[in-house]
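K.L.:
Make a model of this:
(4 chains)
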2 protein chains.
Amino acid sequence: MAEVSAERGRATRERLLRAAVSLIGEVGWSGVSTRMVAQRAGVNAGVVHYHFASVSDLLVAAGVGFARELLEQTGAELASRPSVADGIDWLLRELSRYSGTDPASLLLAEMFLAAGREPGLRAELGALVDGFRSRVAGWLREHGQGARAEQSAVVIAALIDGLVLHRALDPALDPATLAGPLRAMLGVPPEGGQR
Amino acid sequence: MAEVSAERGRATRERLLRAAVSLIGEVGWSGVSTRMVAQRAGVNAGVVHYHFASVSDLLVAAGVGFARELLEQTGAELASRPSVADGIDWLLRELSRYSGTDPASLLLAEMFLAAGREPGLRAELGALVDGFRSRVAGWLREHGQGARAEQSAVVIAALIDGLVLHRALDPALDPATLAGPLRAMLGVPPEGGQR
DNA sequence: ATTTGTCTTGGGCGTTCGACCAAATAGTAG
DNA sequence: CTACTATTTGGTCGAACGCCCAAGACAAAT
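P.N.:
Okay, here's the model as predicted:
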C-alpha cells in the first residue's frame, strides 16, 4: 500500500481539524468556509472535501475533539484535588484564564449553539458534558457531599459556561471572587484551603 | 406632515424588528439575511435598508430591545418576591419554561456570541446584564444577604445563562431540582421556605 | 392641482459560498 | 519498467449574499 501517502493524508487531516478549531472561535461556527480553513491549513481548497464529506462534518469532528480533550483534562484535574475547597479555588482560578473572548471560550459557546441545529453534534457534546457532570458529582461524593452531589455538579457545570459567557460582556468580572457563595453552597467552611 | 405614512412606516419597522428577533433564534445571528427578514415581515427586501443602515444594525436593535424587555421583566418579578427562598423557587420554575432550544433561549445565547464581534452590542448588552445583577444584589441585601450579595448575584446571573445552555444539550435537566444547593449558597433553610 | 416628503418597489452590482470534477502528482507493488 | 492507489491541484458551477439605486406610490401641505 501507499504508506507514506496515507501518513501524509493523516497529517493533512489533522491540520484541517486544527485550522477549523481556531477558526470557529474567530469567525463563528457558520462563518467558517471551505477556502478559509484550507488556507489556514496550507492546503488547496478542494482537499477539504476529500477528507470530509462536508464542511459541517469537519466542524463537528473538530469541535468534538477539542471539547473532549478540554473536558477530560479539566475533570481529571478537578477530581484529583484533595478537598472540595481546594477544587473550587482551583476551578475558579482556572476560569480566570478564559476571558470569554478568547478562541477557546468562543469555540465552546459556538458549539452549544450549533448543537441545537446539528443533532449529531448535540448527542456527542451532550455525552461529554454528562460525563463531566458525573465526574464532578463523584468527586463531591468522595468528600462527603453525598446529599446533593448530583445537583451541585449540575450547578457547577452550568456555572462554568455561564461565567465564561458573562465574562465576555464584562472582563472585570473575576471568578476568583465567587469562592464565598460556592463554598457556602457546598457546605465548606469559608476559610478552607486558602484566602 | 405625512402622518399616516409615518405611522405605517413605524409599523413596518416594528414588523422588521419582530421578524429579526424570531429569525435570530431560528437560524443564528449571522444566518439572518436581508431577504429572509423581509419575507417574514411581509415586505420587500429593499425596505430593510431603508429603515436600517445595515443588517447588523437591524439585528443589534432587535436583540437589544428583546433582551431589555426580558431582563427588566425578570428582574422586577424577582425583586418583588417576599423572601429569598420564594425568589429562588420562582426563578427556577421560570427557567423550566425555557427549554434551551426555544427561540428566546437561542436568541440570548446568540447575542452573547455576537457581542464579542460587535462592540456596540457588547456595550449595550453588558449594561443590561449589569443592571440585572445590581437589581438581584439589591434584592438579596434587602433580605439580609448583605455579606455576599454582589457575588451571589453574579453567580445567579451566570447560572441562569449556563443552565439555559446546558438544557439545550440535556432537556431532561430540570432546574427546579437545583433549589437545594442554591438555598445553601444563600443561607436559606433547606425546606421551610421563609427565613 | 401641484408640490413635498415619506415610504415602497423591483432590479442589479460585485462577491462569496459549498460542492464537484478532471487532471496532475507521488509513492508502492509486481 | 508498468500498473495501481492515495492524495492534491486548479478550476467551474449555480445559488445566495449585502448593499445600492432609480423610479413609483401615496398622504399631507400648499
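K.L.:
give the contact list for the residue most central in space within chain A.
P.N.:
Central residue of chain A (C-alpha atoms, centre = their mean): residue A:67, 4.2 Å from the mean position. Contacts were defined as C-beta atoms under 8 Å, 6 or more residues apart in numbering or on different chains; by that measure residue A:67 touches A:108, A:111, A:125, A:128. Using the backbone N, CA and C atoms, a C-beta is placed for each residue, glycine as well.
K.L.:
Count the neighbours of the residue lying closest to residue A:171 once chain neighbours are set aside for me.
P.N.:
Closest residue to residue A:171 in three dimensions, ignoring its sequence neighbours and counting by C-beta to C-beta, 6 or more residues apart in numbering or on different chains: residue A:99, at 6.0 Å. A count of nearby residues for residue A:99, using other C-beta atoms under 10 Å in any protein chain shown, gives 14.
K.L.:
How about the one 3 residues further on?
P.N.:
Using other C-beta under 10 Å, residue A:102 is surrounded by 15 other residues.
K.L.:
can you tell me how far it sits from residue A:74?
P.N.:
15 Å (C-beta to C-beta, to the nearest Å).
K.L.:
got the residue ranges for the helices in chain A?
P.N.:
A:3-27, A:34-41, A:45-51, A:55-79, A:84-96, A:103-115, A:119-142, A:149-169, A:179-185 (DSSP state H).
K.L.:
any bit of the fourth one sitting next to DNA strand D?
P.N.:
Pointing back at helix A:55-79 there. No: figure legend: helix A:55-79 not in contact with DNA strand D (C-beta under 7 Å from any atom of the strand); closest approach 12.6 Å.
K.L.:
residue ranges with poor pLDDT in chain A?
P.N.:
A:1-6, A:190-195 (pLDDT under 70).
K.L.:
Looking at chain A, what residue ends up closest to chain B?
P.N.:
residue A:162 (2.8 Å; C-beta to the nearest C-beta).
K.L.:
From DNA strand C, how far out is that residue?
P.N.:
Distance, residue A:162 to DNA strand C, using C-beta to the nearest atom of the strand, to the nearest Å: 30 Å.
K.L.:
Surely that residue and residue B:161 touch.
P.N.:
Yes: with contact defined as C-beta atoms under 8 Å, residue A:162 counts as touching residue B:161 (4.5 Å).
K.L.:
So for these two, which residue has more residues nearby?
P.N.:
residue A:162 (25 against 22).
K.L.:
Give me the nearest residue to the more buried one, chain neighbours excluded.
P.N.:
Leaving aside its sequence neighbours, residue A:162 sits nearest to residue B:162 (C-beta to C-beta, 6+ apart; 2.8 Å).
K.L.:
surely the one you found meets residue A:154?
P.N.:
No: counting by C-beta under 8 Å, residue B:162 stays clear of residue A:154, with 9.7 Å between them.
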